[in-house]
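In: pasting a predicted model and its sequence here:
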Amino acid sequence: MTYEIYRKIVSKEKYFDSWDSVTATNLGSQLQDQIYSEYLVKCEVFQRDKFTCQNKECKKECVDLTFHHVIFKEDGGLYTVNNGLTLCDKCHKNYHRAKSALVLLDGRVFQRLAKSTKYNWKKLKSEMKVIRKSVKGQNREITWDQISLILKWFFDQFEK
Ligand SMILES: [Zn+2]
Ligand SMILES: [Zn+2]
């Protein structure tokens, strides 16, 4: 990944150009605005962190950069520049799985609490089941609500 669109901010129109046009249209303007504003935050965080994993111990084997919420999403942390941190996929996963403490390049230390804050897979699974059930064997389009739900699920998996 080159992160080109994060180095040089593109317009909202251009951003959604790379999406399947039907999907982008079906999102509706509200969800589009939200996704685009999160993209802008991500640009700023990645640029501030110089496109580098901020884990001091990072072995740089993995270069897939992700957006980490310093105050976790589940604790009310927002998708903002101040609450954002660039971590590579590997360090990010390790930290969330509490495999290691996180020591940042700037010296800050974060110790993952032992309490399990796993995703509610049961709930997600049942949500997905509802979607599957409603489209099963039917030759019809997925509704806007269903798309939002899928996207919500998708972002929950990848944008921790
Ligand atoms: Zn890393
Ligand atoms: Zn995270």
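Out: All right, it came through fine. Ligands and ions are numbered 1, 2, ... in the order given.
In: for ligand 1, what are the nearby residues on the chain?
Out: Counting by CB under 5 Å from the ion, the chain comes close to ligand 1 at C53, N55, C58, C88, C91. C-beta here means a position set from N, CA and C on the backbone, and glycine is covered the same way.
In: ok, now which ones touch K90?
Out: C58, K59, E61, C62, D64 (CB atoms under 8 Å, 6 or more residues apart in numbering).
In: which strand or helix spans the second one?
Out: Here K59 is covered by no helix or strand, with elements defined by DSSP states H and E.
In: look up how far L102 lies from it.
Out: Using CB to CB, to the nearest Å, one obtains 14 Å as the distance from K59 to L102.
In: repeat for the third one
Out: In this view, E61 and L102 are 17 Å apart by CB to CB.
In: next, I147: secondary structure please.
Out: Three-state assignment for I147 (DSSP: H, G, I helix; E, B strand; the rest coil): helix.
In: was I right to think it contacts A24?
Out: No. Using CB atoms under 8 Å, I147 makes no contact with A24, being 10.6 Å away.
In: ok, residues contacting stretch 41-49?
Out: 3, 5-7, 9, 65, 67, 79-81, 84-86.
In: just the buried ones from those?
Out: Buried by 16 or more other CB atoms under 10 Å: Y6, L65, F67, Y79, G84, L85, T86, out of the contacts of stretch 41-49.
In: so which of those residues sit within strands?
Out: L65, F67, G84, L85, T86 (DSSP state E).
In: can I get the residues you listed in JSON lines including pLDDT and distance to G107?
Out: Converted to JSON lines, those look like this (pLDDT from 0 to 100; distance: CB to CB, whole Å):
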{"residue": "L65", "pLDDT": "95", "distance to G107": "21"}
{"residue": "F67", "pLDDT": "96", "distance to G107": "21"}
{"residue": "G84", "pLDDT": "97", "distance to G107": "18"}
{"residue": "L85", "pLDDT": "97", "distance to G107": "14"}
{"residue": "T86", "pLDDT": "96", "distance to G107": "16"}
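In: so where's the chain uncertain?
Out: The chain contains residues with pLDDT under 70 at 1, 62, 113-119, 138-141, 154-160.
In: in it, what residue lies closest to ligand 2?
Out: As assessed by CB to the ion, ligand 2 sits closest to H68 within the chain, at 3.4 Å.
In: ok, that residue touching C88?
Out: No. Checked against CB under 8 Å, the pair H68 and C88 is beyond contact range at 10.0 Å.
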